[in-house]
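> please find the sequence and the predicted model below.
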There are 2 protein chains.
Amino acid sequence: MVDIATRVYNHNWKIDPIVRSLIDTDFYKLLMCQSIHRNRPDTQVTFSLINRTTRIPLARLIDEGELREQLDHVRSLSLSRGEGTWLRGNTFYGKRQMFSPAFMEWFEALKLPPYHLERVGDQYELTFEGNWPEVMLWEIPALAVLMELRSRAVLAAMGKFELQVLYARAMTRLWEKIERLRRIDGLKIADFGTRRRHSFLWQDWCVQAMIEGLGDAFIGTSNCRIALRRDIEAIGTNAHELPMVYAALADTDEDLRQAPYRVLEDWHEEHEGNLRIILPDTYGTAGFLQHAPDWLAGWTGIRIDSGDPVIGAETAIAWWKSRGEDPRNKLVIFSDGLDTEKIEELHTRFVGRVKVSFGWGTLLTNDFRGLVPNDALAPFSLVCKAISANGRPTVKLSDNPNKAMGPAAEIERYKRVFGVGEQVAQAVVV
Amino acid sequence: MVDIATRVYNHNWKIDPIVRSLIDTDFYKLLMCQSIHRNRPDTQVTFSLINRTTRIPLARLIDEGELREQLDHVRSLSLSRGEGTWLRGNTFYGKRQMFSPAFMEWFEALKLPPYHLERVGDQYELTFEGNWPEVMLWEIPALAVLMELRSRAVLAAMGKFELQVLYARAMTRLWEKIERLRRIDGLKIADFGTRRRHSFLWQDWCVQAMIEGLGDAFIGTSNCRIALRRDIEAIGTNAHELPMVYAALADTDEDLRQAPYRVLEDWHEEHEGNLRIILPDTYGTAGFLQHAPDWLAGWTGIRIDSGDPVIGAETAIAWWKSRGEDPRNKLVIFSDGLDTEKIEELHTRFVGRVKVSFGWGTLLTNDFRGLVPNDALAPFSLVCKAISANGRPTVKLSDNPNKAMGPAAEIERYKRVFGVGEQVAQAVVV
């Protein structure tokens, strides 16, 4: 029986909003936001969208008017009562009241600041400027909007039957991945795929498939709205933007050298347990660990987000040993360019030596590779990063020179200060 | 579980087409079309939309661009293989091959001719000109498009919850009517509500409710597409356009006087049984019957479509008796402005005296009276009629002067020729 009211309602939408909630974002953005809101609220930052896959002509695929409508819709959002209640009342990693009343009051009153959008050739220049705690919340919705508008542009040309088959194939593919993962004894894996998802509904479907297919091996999602909606754990800790902005604000080389540790000092004061995860690669993992203060070795674990993950994890294990820690009590989180095979391989290699977990991103929530002509739905590498702080450019090196960001002279300076030598270039998967 | 493919598909529609099939029309249009195609294929006619409820400012409610899109969509339609098969293969009133191969070949190749649309004040002037068999097929889709665009214009301002409640109320109302009708022993009733339906989906829902609620008392629908879709009988015989056009083509008063009978002569040759239904009111029921040839008294029944239905039926009964026919073998079909109460009343009065059946129209498929503010969804009286044939104006008198149509001088002439005296005016319900 057709539900006529729903049918009429659906066809009355002025737009079909992609991001419908301020918590349709990664949990770690909220954790970082709270930390920034407390420690660096007045820092002026600029975030910018960067399409690293320049062969995808976003401005030709996506109508500027539609893009503006979607971004304007994001600006119209504010935290709903239920979302506020969930953030205030939820237990994250066993801890109650993760978000302070002061932060929640600020967040509940927040609307996202203006954006600047301009078409430059076949790409869009999309930037956000203002106070760090506000601007940084644009990152995930901006990416999600662009990714999904690109999906829609491709889907718009397809018939009903083609669409049915497309999703049937994508579902089958994911289910086969899940069936392989189910065989991994002791697997711990989370959804980290919000930013580069095919669409919101698709991510939501993927999460539900993981819940059903993996049971306890699926430990949660980085997406707060889906965590709320599906009643599962929200997962995440911190990201490169913290050391990048702290570093840009450093006045001297010595300050710069200390910046990544200062980030974690601030973090240390606020968080414990599963939230004390080191992200060591912003300016090179090896140097970061070598010069790290001893208290950092007491943290719960490390997230490996660039470079060869085997080298990254081995480096971390060696470092823990050198600091008198037992790696078997430590957690290694792999989160870079994962797919089933790599997950199997890394798990096999490190199980028993450290605690292992996986943050599965783009190839969980956007593996439409090869499903339409010209591979027009294949995921691509779109990021939204802090490019300056208080007027100074930011720099990211990471363990993969292909992921480096910033002005060339600054990159050279950072490499010198952090003692980063020759790096092995790796293809950026997604 | 959300069906993502369907969801994506629905939101990709350029338009949401109202009429999606050439057989989303009344069955009698196809019967008449075949007769016209055989007997008067080259007659040039003009059909015109007439909004008898001028307080409804259609041109302010309905966007001209949307109206054109819908009408253009109707012009893009042609008979599908399945529809052709259904028309060729179905048994209508127990008769096989109701539609001749010659007619089916023509119909299968048909696309509807151009329309002429102009805004005049707050109303639209919508006309169709050309060969009678083609132009006449515009009547029902044109009405259905306008009725549904008007519904959509009102629904567009409503929230999801309001819509849910609206349809819940309309459904409840119809179901209560059906429960009352169920108590009428020996009831025979059909859906005649295509032309002034609230929407296609709503008509389809109403028909399904009638199937479930009335069982065998529900004898079918005038709508071919719904008859096909719900596997029930398609119902209908003929309408005023036949005598109106035949009359307009008459060269003398004597020809004019004979025109309504000539229509039925042509009809008589093609059809038998349930299709031999007299529609006597085009130029006054009393005179029509009085001067009717004897062979007409042998026909199956009469349809009462204007005037006081009790008087109409009593006139018919008296006429049958005067021609030596037993009225108990005759069928009276009531089809004007029906609702539950009138159906009960007419059934009670005539059951046992004649065979009675009902063609329930607007108040079956569009009873949204009083359900929204300003009664903005109440049905209104929109018709699409032949206004000229081979350059001569058509005239309709009917048994209700409020339903009369045509130039004043011609109306007077017709009244004289057909001996129509004083008529009792009746409010046109819908």
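Sure, I can see it.

> heading C-terminal from the lengthiest helix in chain A, find the next helix or strand.
Ordering each helix of chain A by length in residues (DSSP state H) puts helix A:160-182 first. The element immediately downstream of helix A:160-182 (helix or strand, assigned by DSSP states H and E) is strand A:189-191.

> for the closest residue to A:M405 other than its chain neighbours, grab the count of nearby residues.
In space, not counting the residues next to it along the chain, A:M405 is nearest to A:K396; the distance is 4.4 Å by Cβ to Cβ, 6 or more residues apart in numbering or on different chains. Quick note: C-beta positions are derived from backbone N, CA and C, even for glycine. Using other Cβ atoms under 10 Å in any protein chain shown, the number of residues around A:K396 comes to 23.

> what ranges does the stretch 251-400 of chain A have for its helices?
For the stretch 251-400 of chain A, applying DSSP state H, counting those that start in this stretch gives helices covering A:253-270, A:285-290, A:294-297, A:309-322, A:340-350, A:362-365.

> can you give me the end-to-end span of stretch A:384-398?
16 Å (Cα to Cα, to the nearest Å).

> may I see the buried residues of stretch A:88-105?
A:R88, A:N90, A:F92, A:Y93, A:M98, A:F99, A:F103, A:M104 (16 or more other Cβ atoms under 10 Å in any protein chain shown).

> and what of stretch A:277-292?
Quick answer for stretch A:277-292 (16+ other Cβ under 10 Å): A:277-289, A:292.

> as TSV, the buried residues of stretch A:88-105 with pLDDT, distance to chain B and secondary structure would be great.
Below are the buried residues of stretch A:88-105 laid out as TSV (pLDDT from 0 to 100; distance: Cβ to the nearest Cβ, whole Å; DSSP: H, G, I helix; E, B strand; the rest coil):
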residue	pLDDT	distance to chain B	secondary structure
A:R88	90	27	helix
A:N90	86	25	coil
A:F92	84	27	strand
A:Y93	83	30	coil
A:M98	89	30	coil
A:F99	93	30	coil
A:F103	96	33	helix
A:M104	95	29	helix
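
> in JSON lines: those residues, plus distance to A:A234.
Formatted as JSON lines, these follow (distance: Cβ to Cβ, whole Å):
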{"residue": "A:R88", "distance to A:A234": "13"}
{"residue": "A:N90", "distance to A:A234": "7"}
{"residue": "A:F92", "distance to A:A234": "6"}
{"residue": "A:Y93", "distance to A:A234": "9"}
{"residue": "A:M98", "distance to A:A234": "9"}
{"residue": "A:F99", "distance to A:A234": "11"}
{"residue": "A:F103", "distance to A:A234": "15"}
{"residue": "A:M104", "distance to A:A234": "15"}
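
> between the residues you listed, which is closest to B:R323?
Among those, A:N90 lies closest to B:R323 (Cβ to Cβ), at 85.3 Å.

> and chain B, which of the buried residues of stretch A:277-292 contact it?
Restricting the buried residues of stretch A:277-292 to those touching chain B (Cβ under 8 Å from any Cβ of the partner chain) yields no residues.

> ok, these vs B:I62, which is closest?
Of these, the one sitting nearest to B:I62 (Cβ to Cβ) turns out to be A:L279, at 57.9 Å.

> picking up where we left off before, packing partners of the longest helix of chain A?
For helix A:160-182, the contact count by 3 or more Cβ pairs under 8 Å, 6 or more residues apart in numbering or on different chains; DSSP states H and E identifies helix A:200-214, helix A:340-350, helix B:4-12 as packing neighbours.

> among those helices, show me which one is buried the most.
Most buried of those by mean neighbour count (mean count of other Cβ atoms under 10 Å in any protein chain shown) is helix A:200-214; its value is a mean of 20.

> stretch A:372-387 close to chain B?
No: for stretch A:372-387, no contact with chain B is found by Cβ under 8 Å from any Cβ; the gap never falls below 11.8 Å.

> what residues sit buried inside that stretch?
Of the residues in stretch A:372-387, those buried (16+ other Cβ under 10 Å) are A:372, A:376-387.

> what's the span of it from first residue to last?
OK, stretch A:372-387 end separation, Cα to Cα: 34 Å.

> quick one: terminal-to-terminal distance for stretch A:187-199?
Span of stretch A:187-199 from end to end, Cα to Cα: 26 Å.

> and it, what's its mean pLDDT?
For stretch A:187-199, mean pLDDT rounds to 97.

> for stretch A:357-365, same thing?
Here the average pLDDT along stretch A:357-365 is 98.

> what are the buried residues along that stretch?
A:S357, A:F358, A:G359, A:W360, A:G361, A:T362, A:L363, A:L364, A:T365.

> what sits against the fourth one?
Yep, that's A:W360 we're talking about. Shown in contact with A:W360 (Cβ atoms under 8 Å, 6 or more residues apart in numbering or on different chains): A:I189, A:A190, A:D191, A:F192, A:G193, A:L338, A:I343.

> hmm, 7 Å instead?
Neighbouring residues of A:W360 by Cβ atoms under 7 Å, 6 or more residues apart in numbering or on different chains: A:I189, A:A190, A:D191, A:F192, A:G193, A:L338.

> beta partners for it?
Residues in a beta bridge with A:W360, per DSSP bridges, are A:D191.

> give me the contacts around stretch A:148-164.
A:18, A:58, A:61-62, A:66-67, A:70, A:166, A:198-200, A:372, A:376-377, B:5, B:8-9, B:12.
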